[in-house]
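In: Okay, predicted coordinates and the sequence, questions at the end:
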Amino acid sequence: MKKLVPSIFTSFNLLCGFFAILSDDIRIGSIFILCSLFFDAFDGLVARMLNVSSEIGKELDSLSDLVSFGVAPAYLYILISPFDNMWKYVPASIFVVAAAVRLAKFNLLPASKYFKGMPTPTAAFFLVGVLLAIYYGDNFIYDLSKDPAFYAMTPIILSGLMNSNMNMFSLKSVNSGMLIDKLFPALSFLCFLILLFTNPELALPVSTMFYLTLSLVHNVMTRK
């Protein structure tokens, strides 16, 4: 029975991603995706607390993540497209395929304290940040979103980062014993909190960029 508990939260993750698509609205859909992020983090926490795991749960988690952090943000991103033809589907389609490949690779990788490539939820976090910044009237992001190059390249760059070989630190790396593995996650979280209270429209995309930058610095500093 205990093994079913994490799967329940995983199912909530999946349903939130489904509802994000059904909403057909960048604000409501983005909120559902953020709820998916919560359930995605919580199911892993519950599994560790109960010390349970299963192959079915692992596969269900990946499928849920593909819907919530691949298909759902890609669909909502299409809603802000500056194109009025079939080209508006291309960048989002690339993002969905890249997310599927990233999640498949993640299941095959051995357990590690670092992420290999940008996690799919982090990439979705950035897209959701762009959508919410547009909805809440950030002029800078709004103007960028009307640029066809920005619209096309953003999902493509995120797709490349998801499937790169770059190590990106995670909460698991905090226990590695290295100072930077403790410092960088704390700095990323602090950046998000500061932006949340000072410029909430840009909190998600800017904190994601900050996390990416620190990960690049981390790779340079830990390179042997």
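Out: Everything's here; your move. Numbers count the residues shown, from 1 in each chain.
In: all strands for the chain, in order.
Out: Along the chain, counting by DSSP state E, strands occupy 114-116, 167-169.
In: what distance separates the first one from the centre of its chain?
Out: Strand 114-116 has its average C-alpha position 14 Å from the chain's average C-alpha position, going by C-alpha atoms, centre = their mean, to the nearest Å.
In: Tell me which strands that strand pairs with, and in which orientation.
Out: Paired strands of strand 114-116, with direction, are strand 167-169 (antiparallel) (DSSP bridges).
In: Quickly list what residue 116 is bridged to.
Out: According to DSSP bridges, beta-bridge pairing links residue 116 with residue 167.
In: Would you mind measuring from it to residue 163?
Out: 9 Å (C-beta to C-beta, to the nearest Å). (Each C-beta comes from the backbone N, C-alpha and C, glycine too.)
In: Spell out which residues are contacts of both of these two.
Out: residue 105 (C-beta atoms under 8 Å, 6 or more residues apart in numbering).
In: tell me the most buried of the strands of the chain?
Out: strand 167-169 (a mean of 22; mean count of other C-beta atoms under 10 Å).
In: hmm, who's touching it?
Out: Under C-beta under 8 Å, 6+ apart, the answer for strand 167-169 is 114-119, 122, 181, 184-185, 211-212, 214-215, 218-219, 222.
In: What about the residues you listed, which are in helices?
Out: 122, 181, 184, 185, 211, 212, 214, 215, 218, 219, 222 (DSSP state H).
In: now those as a markdown table including distance to residue 9, pLDDT and neighbour count?
Out: Shown next, in a markdown table, are the ones in helices among the contacts of strand 167-169 (distance: C-beta to C-beta, whole Å; pLDDT from 0 to 100; neighbours: other C-beta atoms under 10 Å):
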| residue | distance to residue 9 | pLDDT | neighbour count |
| --- | --- | --- | --- |
| 122 | 19 | 93 | 21 |
| 181 | 27 | 73 | 20 |
| 184 | 27 | 81 | 22 |
| 185 | 23 | 82 | 18 |
| 211 | 24 | 91 | 24 |
| 212 | 27 | 91 | 18 |
| 214 | 29 | 89 | 19 |
| 215 | 27 | 87 | 22 |
| 218 | 30 | 79 | 21 |
| 219 | 32 | 79 | 15 |
| 222 | 33 | 71 | 14 |
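In: Which members of these define the maximum pairwise distance?
Out: 122 and 222 (19.3 Å; C-beta to C-beta).
In: which sections of this protein are below the confidence cut-off?
Out: In the predicted model of the chain, residues 1-7, 43-55, 57, 171-179, 223-224 satisfy pLDDT under 70.
In: Go again with 80.
Out: 1-9, 42-59, 107, 109-114, 169-182, 218-219, 221-224 (pLDDT under 80).
In: ok, which stretches of it are helices?
Out: 4-23, 26-50, 55-66, 72-78, 89-108, 120-135, 139-145, 148-162, 179-198, 203-222.
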